[in-house]
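> Any chance you can model this:
(3 chains)
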Amino acid sequence: MPELPEVETVVRGLRTPLIGRTVQSMWYDWGRTIHSPDPQEFAARIAGQTFRAINRRAKYILCEMDSDILVIHLKMTGRLYVTPDDAVHDVDKWVHFCLQLDNGHQLRFSDSRKFGKVYLTDDISRITGGLGPEPLSDDFTPAVLRARLQGRQRAIKALLLEQGFIAGMGNIYADEALHRAGIHPLQPANSLSDTQIDQLYATIRAALQAGIDYEGASISWYRKPDGTAGESQKHFFVYGREGQSCSTCGHPIEKIRVAQRGTHYCPVCQPRSLE
DNA sequence: CGGACAACCTGGCGGC
DNA sequence: TGCCGCCAGGTTGTCC
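As a prediction, this is how the structure comes out:
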């Protein structure tokens, strides 16, 4: 599923087709896609509102409407795109939520696994209030990372996946950042040296920025709003490369399980800490 | 705090 | 081809 770089790419791709468009009506065929309010109120409230701005917080897509924020989380398999009403050639049986726009187009939310959620709210803090710092923002500094690691004994990989610790990282970019930093995924978070923290800070941002620059990773389901694939997956150092040679040292990449998630790393470039 | 695990769902893939 | 088990980018809730 989409992580921060994929969500950022979707947000950028939706601005042009959506900003200035007014919603005429709402359609859905899977009730649990609509998190809140209930579908009847959702439809009544969003009709007539115009898209004013589209932004991102962690993996949440935030569409500023006139008096509410339309929030969308893609979870594992969500896709968002704008298409003409009569795009019958576009047979997508996984569309479960759709907004009719005022220009003969529709915003469609396709989601094969049905984990994705849409919200309509005037109080965004109820959704995003518990999130940790945004890793690419100016507020996130090496000192912030160091302070947040204090006293945390969990494996560093597990911590990077906690959205309350740092927002927007997911399984792919956590593995990529740890490899770039030369840190073993099981190293206890509070055992990182200052040097390792500085490296990890830099590589978290570098891995995420590379993902954005390559317009996201098209592994299985992710596509940009224009339907084309991102290129980020062609540049992974470790994710999905189990058994293949490390591009840095040539040793085969290994796969283990950390916090119940598949975890890829190079045992040579990312040695276990001796502490 | 944290670790394990089940839920939520469906599709793709490898193995037999 | 068909069936089966396993795996999957996320998040939340429960239990110990």
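> Can you tell me the closest non-neighbouring residue to residue A:142?
Nearest residue to residue A:142 in three dimensions, chain neighbours excluded: residue A:201, at 4.5 Å (Cβ to Cβ, 6 or more residues apart in numbering). All C-beta spots, glycine's among them, are computed from the backbone N, C-alpha and C.
> Can you tell me the element the one you found falls in?
helix A:194-213 (DSSP states H and E).
> Show me which residues of that helix are buried.
Neighbour counts using 16 or more other Cβ atoms under 10 Å place A:196, A:197, A:199, A:200, A:201, A:203, A:204, A:207, A:208, A:210, A:211, A:212 of helix A:194-213 among the buried residues.
> Next, the contact list for the fourth one, please.
With contact set as Cβ atoms under 8 Å, 6 or more residues apart in numbering, residue A:200 has these partners: A:145, A:156, A:177, A:178, A:181, A:183, A:192.
> what residues go with each domain of chain A?
A:4-128, A:142-265 (automatic domain parsing).
> what about stretch A:185-200, how long is it end to end?
End-to-end span of stretch A:185-200 (Cα to Cα, to the nearest Å): 12 Å.
> Run the chain-centre distance for that stretch.
23 Å (Cα atoms, centre = their mean, to the nearest Å).
> average pLDDT across that stretch?
With pLDDT averaged residue by residue, stretch A:185-200 scores 96.
> Then stretch A:221-233?
Here the average pLDDT along stretch A:221-233 is 91.
> need the residues of the stretch 101-250 of chain A near DNA strand B, please.
Contacts of the stretch 101-250 of chain A with DNA strand B, taken as Cβ under 7 Å from any atom of the strand, map to A:112, A:113, A:114, A:115, A:151, A:152, A:153, A:154, A:155, A:158, A:220.
> Throw together a PyMOL command that grabs the buried residues out of those residues.
Filtering these down to the buried ones (16+ other Cβ under 10 Å) takes a single PyMOL command:
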select buried, chain A and resi 112+152+154+155+158
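> Which pair of the residues of the stretch 101-250 of chain A next to DNA strand B spans the longest distance?
A:112 and A:151 (40.3 Å; Cβ to Cβ).
> Count residues in the vicinity of residue A:120, would you?
By the measure other Cβ atoms under 10 Å, the count of residues near residue A:120 is 22.
> how far away is the residue nearest to residue A:154 when sequence neighbours are not counted from DNA strand C?
The shortest distance from residue A:154 to any non-neighbouring residue, by Cβ to Cβ, 6+ apart, is to residue A:189 (5.6 Å). Separation of residue A:189 from DNA strand C (Cβ to the nearest atom of the strand, to the nearest Å): 18 Å.
> Also residue A:66?
From residue A:66 to DNA strand C the distance is 26 Å (Cβ to the nearest atom of the strand).
> neighbours around that residue, how many?
12.
> mind listing the strands for the stretch 151-275 of chain A?
Applying DSSP state E, counting those that start in this stretch to the stretch 151-275 of chain A gives strands spanning A:254-258, A:261-265.
> actually the stretch 1-150 of chain A, not the one I typed
Under DSSP E, counting those that start in this stretch, the stretch 1-150 of chain A gives strands at A:23-28, A:34-36, A:53-57, A:60-64, A:69-73, A:78-84, A:95-101, A:105-111, A:117-121.
> Now render the contacts of residue A:200 as a markdown table, adding neighbour count.
Output for the contacts of residue A:200, formatted as a markdown table (neighbours: other Cβ atoms under 10 Å):
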| residue | neighbour count |
| --- | --- |
| A:145 | 19 |
| A:156 | 26 |
| A:177 | 26 |
| A:178 | 30 |
| A:181 | 23 |
| A:183 | 24 |
| A:192 | 22 |
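> now, which of these lie within helices?
A:145, A:156, A:177, A:178, A:181 (DSSP state H).
> farthest-separated two in those residues?
A:145 and A:178 (13.4 Å).
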